[in-house]
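Enquirer: Predicted model and sequence below, questions to follow.
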Amino acid sequence: MSFFEGARPGQRVTHGKASFELPILYFRDDCFALFFAADRRRVEAAMPSDRLHPVMLPDGRTLVGVAAFNYIDTSIGSYGEVGVVVPAVHGHRPAPLVPALMEARYPGFGNLVLHLPVTALTARDAGRGEWGYTKFVADMSFEITPEYQECRLSEGNRHILTLRVARQGLVMADSKPLVTYSVRDGDLRKTTIPQRGTARNALRPQGSFLQLGTHDVAQSIGAFDLSSRPFLSRSYLERSSILPGGVVVERDVRPLDGYRGEEREGAHEVRYGAGRGATQ
């Protein structure tokens, strides 16, 4: 059976400017991410539920991830997205590091979505309306080269962040679902996203970095006291996924509305080539 076989027909839903069929199909994208050590107390203060526990590192710090997605071919069109997430476990306090290694195979594991800017109003309305994702419209410039993948994220002329992930590390097939947590209408929602791809993973990678700007969202990320060097990098050679609706796992949690931004379309620029040779 092919990966997408049986995913349709689906259910049509409408939220704001977005009318689409669930599940959303992502046939091809560029995806890359960095994970950093962060201050435990500051991360815990951002959690919407006392039953949602950040994944700890052996030194008492926790993890924060930044991931970029250049969606090339999907059932709702092409757009860009950047996610700022906290790997976490719902329902019990886990042992250090183990959930990060097992990911979706660990009971209750998922990624709490703190920020999820996108380049299209329809993607924003769909994400906020259906899942409660903290989406806002921003501008993204991707550069995809044989040596690295990079995304510069901004809102107008205000720089939010630049994420660069070098293509290095062990190459492994990845068929684990991507699990997210978000808050909609006071409910904590868990969404399990089947995916299939091939990724390179590297511990303590060289040549990868996150550069934060002066935007309010950048300052909120910087407040977590991220490590100067990434703990882990992940860079997909190829990837496909299926985004269904979520399920409620806890009611009456604290709000997680995120930054709203402006009512506009964003810029989505992509450059494939030899690279500019830029440094941090």
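Expert: Yep, that arrived.
Enquirer: so what's Val137 up against?
Expert: Counting by CB atoms under 8 Å, 6 or more residues apart in numbering, Val137 touches 117-121, 124, 155, 261-266. Quick note: C-beta positions are derived from backbone N, CA and C, even for glycine.
Enquirer: if I look at the closest residue to it other than its chain neighbours, how far off is Asn157?
Expert: Using CB to CB, 6 or more residues apart in numbering and skipping the chain neighbours, the partner closest in space to Val137 is Gly266 (4.6 Å). Distance, Gly266 to Asn157, by CB to CB, to the nearest Å: 13 Å.
Enquirer: Look up how far Glu147 lies from the residue nearest to Val137.
Expert: In terms of CB to CB, Gly266 sits 27 Å off from Glu147.
Enquirer: Pick out whichever of those two has more residues nearby.
Expert: Using other CB atoms under 10 Å, the more surrounded residue of Gly266 and Glu147 is Gly266, with 24 against 12.
Enquirer: Name all residues that make contact with that one.
Expert: Neighbours of Gly266 in contact, by CB under 8 Å, 6+ apart: Gly80, Pro117, Val118, Thr119, Ala120, Val137, Ala138, Asp139, Met140.
Enquirer: Any idea what Ala199 is bridged to?
Expert: Bridge pairing for Ala199 (DSSP bridges) gives the partners Met172, Tyr236.
Enquirer: from memory it sits against Leu237, does it?
Expert: Yes. With contacts counted by CB atoms under 8 Å, Ala199 reaches Leu237, the gap being 6.9 Å.
Enquirer: what's the overlap in contacts for those two?
Expert: Listed as contacting both Ala199 and Leu237 by CB under 8 Å, 6+ apart are Val171.
Enquirer: Could you check which of those two has the larger neighbour count?
Expert: Neighbours were counted for Ala199 and for Leu237 using other CB under 10 Å; Ala199 has more, 21 against 14.
Enquirer: Contacts only, for that one.
Expert: Taking CB under 8 Å, 6+ apart as the test, what Ala199 contacts is Val171, Met172, Asp174, Arg234, Ser235, Tyr236, Leu237, Arg239.
Enquirer: List just the nearest of the residues you listed to Arg8.
Expert: Arg239 (19.6 Å; CB to CB).
Enquirer: All set now, cheers.
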